[in-house]
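K.L.:
mind folding the following:
(chains A and B)
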Amino acid sequence: MAGQVASGSRSGLRSALPLLLPAYLWLTVAIFLPLSAMVFFSFMTELPLSGKAWAFTLENYTTFFSQGLYWTLLLASLRLGLEVTLWCVFIGYPAAYVLAKVLKGRSREAIFLLVILPFWSNGLVRIFSWAMVLREGGILDTALNAVLPFKINIDLMYSYPAVIIGLVHSYVPYMVLTCYLTLQAIDDSLIEAGRSLGASRLQMLRWVIIPLSMPGLVAGAALIFVPVVGSFMEPRILGGRTGTFYGTVIEDQFVAVFNWPLGAALSFILLAVVLVILALASPVLRRAA
Amino acid sequence: MATTRILEWLGRLYIWVLLAFLYLPIIIMALMSFNVSPFYQLPFEWTKEWYASLWQNDQLISATWNSLEIAIITTIICVVLGSAASLALFRYEFRGKKFLQALLFPPIAIPWLITGTAMLIFFFGVGIGRGLFAILLGHVALALPYVIVVVSARLQTFAPELEEAARSLGANQWQVTSRVTLPWIMPGVIAGGLFAFAVSFDQFVVSYFLSTPGQTTLPVEIYAAIRKGFTPEINAVSTIIIVVSMALMLLTARFFKFGGEK
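P.N.:
So this is what the prediction gives:
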């Protein structure tokens, strides 16, 4: 490659351009231009398509800031994202630790694959499968009543816990994956050294293992928090009437109320929140890379 | 070290509990798709009725064909464009390369709700509108970064000296690429292609905003059916989808190590 570097960066670009252009053109047309169009659109009064008169306005944003409803929903979505992320840490981190440090060889590979396999399968269908488990007279209800001596009614369907359960189920493999990658990179002899110097298990965890695996935790948290804040399908299916969040309101603007400019403004505000979160996480991530 | 042994045993037990949490709902859904009662009542009685009635449901069948068609075309386009871009990013040094690589992350990191609604607005504005073509445009853009990342990862293991050697032996640029570089990165290309297929076939959010009643994909059709009310037919088709997408990912794992172990 040294030869090409020496031949100067301009000729490098000239050779690279034909190979790069189709891919980046496609991304521009289908991702970057739409995102810019959305910003533009969020400052309009009307769709400029149907021949209606339109003008520039800040109204879509003042609606967001003046009406408590949207604020409340954004906060509710942020809280949902935080809760789901914390559950994923508590459930996923120990699993990643066992995978990286306890299991060995073929069984580790097989179980690791089993843990992350559902993540790559259809998310909608997995959320739907929970509906069957959680509803009254569903599997959880039937199974618990068969085991327990007294009669109880489990009807978690259409509730906040149902949304949490479904989202944690969807995203916990992400946390296992990112934490496993950083935990696996920790040298076992480091842990042995600490132990032989008299550190207890908890001390090792607190002062060595968790700090060293921090990049994995942060990466997992960002990868989970961001999509959960923007989720709308999961709250709709599992939350029913309690499942109104910021994402479902954006969905409504586009498919039910048809107030696209307001929807664009709400989407853009969400995008800004997401970018701030990713920017906050990036120093930790860059340190890991 | 009795404590160590107990802790390790607890750890293994924990992993199995987690696996049960991950797989039980899916297994239950699959079982219920073979159950006689349409209201998921137990005791369980075996039937293939719901799979049979699936074949009568023209709406679901045509949505399935749309999904498959879009996923296949997406895969082909992404593999070609993605491999070309990965090669360029690997081979050449130029100003702005870091920026181009950074541009691959917004499509992955920005929630699909935002990308989907933005595409809807833009495609409407420029006259593409909604429908299968718009869905295809969107799917390729979503899957492309994954293909470039996966193929680039494979290229990292490639020794550029091999290209130099082939060139000094008189091979031209096309021969170098097709006889030396491509065979080496093939596992990455196949894994990338499978990724692209999975991203497209399982995609719901973006398809949802870009579909119209006649031109829709299977996940969108399922979402509509779920919101209208549960039917065992949806269980049946969902079971088929989950089996297909898991099988695809198992296949991908043969070519691409998710664990990062080389």
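K.L.:
ok, and the closest non-adjacent residue to residue A:82?
P.N.:
Using C-beta to C-beta, 6 or more residues apart in numbering or on different chains and skipping residues adjacent in sequence, the residue nearest residue A:82 is residue A:225, 7.2 Å away. All C-beta spots, glycine's among them, are computed from the backbone N, C-alpha and C.
K.L.:
residue contacts, that neighbour?
P.N.:
When contacts are counted by C-beta atoms under 8 Å, 6 or more residues apart in numbering or on different chains, residue A:225 touches A:81, A:82, A:84, A:85, A:277.
K.L.:
and what of residue A:268?
P.N.:
In this structure, residue A:268 makes contact with A:38, A:39, A:42, judged by C-beta under 8 Å, 6+ apart.
K.L.:
what score does the residue nearest to the first one when sequence neighbours are not counted have for pLDDT?
P.N.:
Think residue A:38. What sits nearest to residue A:38 in space, not counting adjacent residues and going by C-beta to C-beta, 6+ apart, is residue B:118, at 4.1 Å. pLDDT recorded at residue B:118 is 95.
K.L.:
of the contacts of residue A:225, keep whichever come out buried.
P.N.:
A:81, A:84, A:85, A:277 (16 or more other C-beta atoms under 10 Å in any protein chain shown).
K.L.:
neighbours around the residue nearest to residue A:38, how many?
P.N.:
When neighbours are defined as other C-beta atoms under 10 Å in any protein chain shown, residue B:118 has 29 of them.
K.L.:
hang on, the earlier thing: widest-spaced pair of the buried ones among the contacts of residue A:225?
P.N.:
Pairwise distances across the buried ones among the contacts of residue A:225 peak at 13.9 Å for A:84 and A:277 (criterion: C-beta to C-beta).
K.L.:
what about the nearest residue to residue A:209 once chain neighbours are set aside, which SS state?
P.N.:
Among residues not flanking residue A:209 along the chain, residue A:186 sits closest, at 6.6 Å (C-beta to C-beta, 6+ apart). Of the three states, residue A:186 takes coil under DSSP: H, G, I helix; E, B strand; the rest coil.
K.L.:
doesn't residue A:264 make contact with residue A:38?
P.N.:
Yes: here residue A:38 lies in contact with residue A:264, judged by C-beta atoms under 8 Å, at a distance of 4.8 Å.
K.L.:
need the overlap of contacts for the two.
P.N.:
Residues touching both residue A:38 and residue A:264 (C-beta under 8 Å, 6+ apart): B:117, B:118, B:121.
K.L.:
what mean pLDDT does stretch A:134-147 get?
P.N.:
Averaging pLDDT along stretch A:134-147 yields 73.
K.L.:
dump it to CSV, restricted to CA.
P.N.:
Taking C-alpha atoms only, stretch A:134-147 is exported to CSV below (Å, rounded to 0.1, in the frame of the first residue of the first chain):
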residue,chain,number,x,y,z
LEU,A,134,-48.6,-12.1,29.3
ARG,A,135,-52.3,-11.8,28.6
GLU,A,136,-54.9,-12.9,31.1
GLY,A,137,-55.7,-16.5,30.5
GLY,A,138,-52.3,-16.6,28.7
ILE,A,139,-49.5,-19.0,29.3
LEU,A,140,-48.0,-17.3,32.4
ASP,A,141,-51.4,-17.0,34.0
THR,A,142,-52.3,-20.7,33.3
ALA,A,143,-48.9,-22.0,34.3
LEU,A,144,-48.8,-20.1,37.6
ASN,A,145,-52.4,-21.1,38.5
ALA,A,146,-51.5,-24.7,37.8
VAL,A,147,-48.5,-24.6,40.2
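K.L.:
name the element the closest residue to residue A:274 other than its chain neighbours belongs to?
P.N.:
Leaving aside its chain neighbours, residue A:274 sits nearest to residue A:226 (5.2 Å; criterion: C-beta to C-beta, 6+ apart). Using DSSP states H and E, residue A:226 sits within helix A:214-229.
K.L.:
just the buried residues of the contacts of residue A:268.
P.N.:
Neighbour counting over the contacts of residue A:268 (16+ other C-beta under 10 Å) leaves A:38, A:42 as the buried ones.
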